[in-house]
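Enquirer: can you look at this prediction? I've put the sequence above it.
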Amino acid sequence: MNSEIGIYIHIPFCKSKCLYCDYPSTTNINIQQKYFNYLMKDIELNKYDGKIKTVFLGGGTPSYVDIKYIENIFKKLNITNAFEITIESNPETLTEKKLYNYKMLGINRLSMGIQTFDNNILRAMNRQYNNEIIEKKFNLARKFFFNINFDFILGLPGDNMNILKKNLELIEKLQPQHVSYYIFDDNHPTPLKSLLDKGKMKLPEYEFIEDGFDLIIEELDRMGYKRYEISNWSKKGFECNHNLIYWNNENYYGYGISAGGHVNNIRYTKTSELKKYFKYLNENKIPYEYYNENTLLEELTEELFMGLRLIDGIKVKKLKTKYGKLYEKFFKKLIQMVSDLIKVDNRIRLSKKGQDLSKMVFEKILEVRENIEWI
Ligand SMILES: C[S@@+](CC[C@H](N)C(=O)[O-])C[C@H]1O[C@@H](n2cnc3c(N)ncnc32)[C@H](O)[C@@H]1O
Ligand code: SF4
């Protein structure tokens with residue numbers, strides 16, 4: 001395959017667990033060596049094919065592990081000149097030495113998990129830094145990286161308009177090239193979820209989330225960030241190319257626990273359980289939890305799911321070329337059910353209201369998929 005591909009590597013180690021987080025990770029750093037040995041085997045068994053365009057080291061906290069493991073991954077994958085290589089980090093783990101080594105390895109994009117600048121929320125969520133550390137580490141990171149992303153969460157317990165305004169002021173002051181602002185998702189079994197269920201913690205009112213998100217859109221736009229995906233903004237030319245591979249339904253491979261991949265019409269996820277991951281690899285099996293050869297209809301549904309998250313939506317020509325009559329039939333039904341789907345400049349995309357109600361739109365896409373007769 002001569003096409004360009006993305007590579008996602010999951011590094012499941014964290015210094016401590018945050019109350020709101022359901023991502024697969026462990027605080028047992030003693031199994032680092034073992035995990036990375038198995039990861040090498042995963043890469044060997046599930047060989048990638050194509051030219052690497054992007055690499056994303058995600059977690060967990062990739063910046064927490066020893067640099068030698070990251071070096072080994074790069075050697076194994078034979079990463080020479082990928083266009084974009086991102087590493088996710090938690091502010092307190094960043095040191096001058098690590099940042100220098102990342103740069104030497106060819107990493108050219110640093111993602112910092114900030115979540116909020118509010119010290120009370122950071123403490124309550126068990127994050128291991130405060131706002132002073134964020135600024136200090138950001139200034140240190142700036143010596144090595146121009147392309148820096150900040151991840152935020154809107155709507156954690158204690159969040160309010162004053163805090164949001166301060167977060168936005170700090171974005172304006174520090175000027176990262178990219179900002180992700182996710183709305184807190186409480187649909188996962190986390191320690192925070194049980195505290196909320198027991199009434200020991202409280203989420204902010206929904207009204208704050210709605211007004212707050214509008215303020216984020218307005219303020220980031222004023223600061224010169226372009227919203228290019230429902231929860232993602234960037235300065236011109238600094239969109240996350242790796243995530244664009246996901247949203248454009250292109251090809252990527254995933255290595256490590258819970259890592260997902262999409263290669264031609266194959267969609268897969270690796271197991272999220274460390275035990276199973278080790279067991280499958282011991283048996284020389286690729287540790288899939290999910291593996292599906294998508295039908296054309298499944299592929300189209302996924303393409304819509306992903307592409308409609310982009311503010312500019314999807315090129316109609318691309319859909320017509322790939323899916324032909326099936327696309328015409330699907331779209332005819334979908335447009336009857338979703339009034340917030342619009343077709344402009346030969347692209348289909350969601351209206352502002354559709355973006356706000358994207359969950360509902362995605363449910364409708366599934367409904368059409370269930371009801372459409374195969375042609
Ligand atoms: C899983 S973390 C990994 C990176 C790093 N360890 C960190 O803590 O920032 C990636 C991002 O997912 C987002 N995230 C995690 N749990 C979330 C939740 N329950 N709701 C919304 N976003 C969440 C956070 O913004 C976080 O930066
Ligand atoms: S939010 Fe990040 S640091 Fe916290 S537990 Fe999840 S992956 Fe680890």
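Expert: Sure thing, it's come through. Ligands and ions are numbered 1, 2, ... in the order given.
Enquirer: list, one by one, the residues from the chain near ligand 2.
Expert: Among all residues of the chain, those adjacent to ligand 2 (criterion: CB under 6 Å from any ligand atom) are 14, 17-18, 21, 23, 25, 59-61, 90, 113. Quick note: C-beta positions are derived from backbone N, CA and C, even for glycine.
Enquirer: if we go to 8 Å?
Expert: Counting by CB under 8 Å from any ligand atom, the positions of the chain adjacent to ligand 2 are 14-18, 20-23, 25, 59-61, 88, 90, 113, 115, 126-127.
Enquirer: now, these that are in strands?
Expert: Residues of these located in strands (DSSP state E): 59, 88, 113, 115.
Enquirer: tell me the one among the residues you listed nearest to ligand 1.
Expert: Ligand 1 has its nearest neighbour among these in G113, at 1.7 Å by CB to the nearest ligand atom.
Enquirer: coming back round to it: out of the residues of the chain next to ligand 2, who's near ligand 1?
Expert: 14, 18, 20-23, 25, 59-61, 88, 90, 113, 115, 127.
Enquirer: Y100 and N90, how far apart?
Expert: From Y100 over to N90 the distance is 18 Å, taken as CB to CB, to the nearest Å.
Enquirer: and stretch 35-53, end to end?
Expert: Taking CA to CA, to the nearest Å, the first and last residues of stretch 35-53 lie 25 Å apart.
Enquirer: so how far is it from its chain's centroid?
Expert: 20 Å (CA atoms, centre = their mean, to the nearest Å).
Enquirer: just to revisit the earlier point, which among the residues of the chain next to ligand 2 end up buried?
Expert: Restricting these to buried positions leaves 14, 17-18, 20-23, 25, 59-61, 88, 90, 113, 115, 127, with burial counted as 16 or more other CB atoms under 10 Å.
Enquirer: so what's the residue count around the closest residue in space to D66 that isn't next to it in sequence?
Expert: Nearest residue to D66 in three dimensions, chain neighbours excluded: Q32, at 6.7 Å (CB to CB, 6 or more residues apart in numbering). Using other CB atoms under 10 Å, Q32 is surrounded by 17 other residues.
Enquirer: how about the contacts made by Q32?
Expert: Contacts were defined as CB atoms under 8 Å, 6 or more residues apart in numbering; by that measure Q32 touches 13, 65-66, 69.
Enquirer: now swap in H262 and tell me
Expert: Taking CB under 8 Å, 6+ apart as the criterion, H262 is in contact with 246, 249-252, 268, 302.
Enquirer: at 7 Å what do you get?
Expert: H262 is in contact with 249, 251-252, counting by CB atoms under 7 Å, 6 or more residues apart in numbering.
Enquirer: chain center to the longest helix anywhere in the chain, what's the gap?
Expert: Once the chain is assigned using DSSP state H, the helix that runs over the most residues is helix 316-337. Distance of helix 316-337 from the chain centroid (CA atoms, centre = their mean) equals 27 Å.
Enquirer: what's around E229, how many residues?
Expert: Using other CB under 10 Å, E229 is surrounded by 20 other residues.
Enquirer: please apply the same query to the one 5 residues further on.
Expert: S234 is flanked by 22 other residues according to other CB under 10 Å.
Enquirer: how about it: what's its closest non-neighbour residue?
Expert: Residue nearest to S234 in three dimensions, not counting chain neighbours: H178, with 4.4 Å by CB to CB, 6+ apart.
Enquirer: could you count how many residues lie near the one you found?
Expert: The local packing count at H178 equals 23, with neighbours defined by other CB under 10 Å.
Enquirer: in which helix or strand would I find the spatially most central residue of the chain?
Expert: With the centre of the chain defined as its mean C-alpha position, the nearest residue by CA atoms, centre = their mean is N243, 6.6 Å away. Here N243 is covered by helix 241-247, with elements defined by DSSP states H and E.
Enquirer: for G254, give its distance to ligand 1.
Expert: When CB to the nearest ligand atom, to the nearest Å is applied, the distance between G254 and ligand 1 equals 15 Å.
Enquirer: for that residue, what are phi and psi?
Expert: Here the main-chain torsion angles of G254 (degrees, to the nearest 10) amount to phi -130, psi 130.
Enquirer: cool, and I257?
Expert: For I257, the backbone dihedrals are phi -60, psi 140 (criterion: degrees, to the nearest 10).
Enquirer: mind listing what it touches?
Expert: 10, 12, 24, 270-272, 274, 277.
Enquirer: from those residues, which is closest to E293?
Expert: The shortest gap between E293 and any of those belongs to K270, at 16.8 Å (CB to CB).
Enquirer: and that closest one, how many neighbours does it have?
Expert: Other residues lying near K270 total 26 when counted by other CB under 10 Å.
Enquirer: surely it is in contact with S258?
Expert: Yes. Applying CB atoms under 7 Å, one finds K270 in contact with S258, separated by 6.2 Å.
Enquirer: now do the same contact list for V179.
Expert: Contacts here follow CB under 7 Å, 6+ apart; on that basis V179 touches 150, 152, 171, 220, 225, 233.
Enquirer: so it sits in a helix?
Expert: No. In this structure, V179 is strand, not part of a helix, as judged by DSSP: H, G, I helix; E, B strand; the rest coil.
Enquirer: hey, what's it bridged with?
Expert: Beta-bridge partners recorded for V179 (DSSP bridges): F150, W233.
Enquirer: quick one: contacts for I266?
Expert: With contacts taken as CB under 7 Å, 6+ apart, I266 has the following neighbours: E293.
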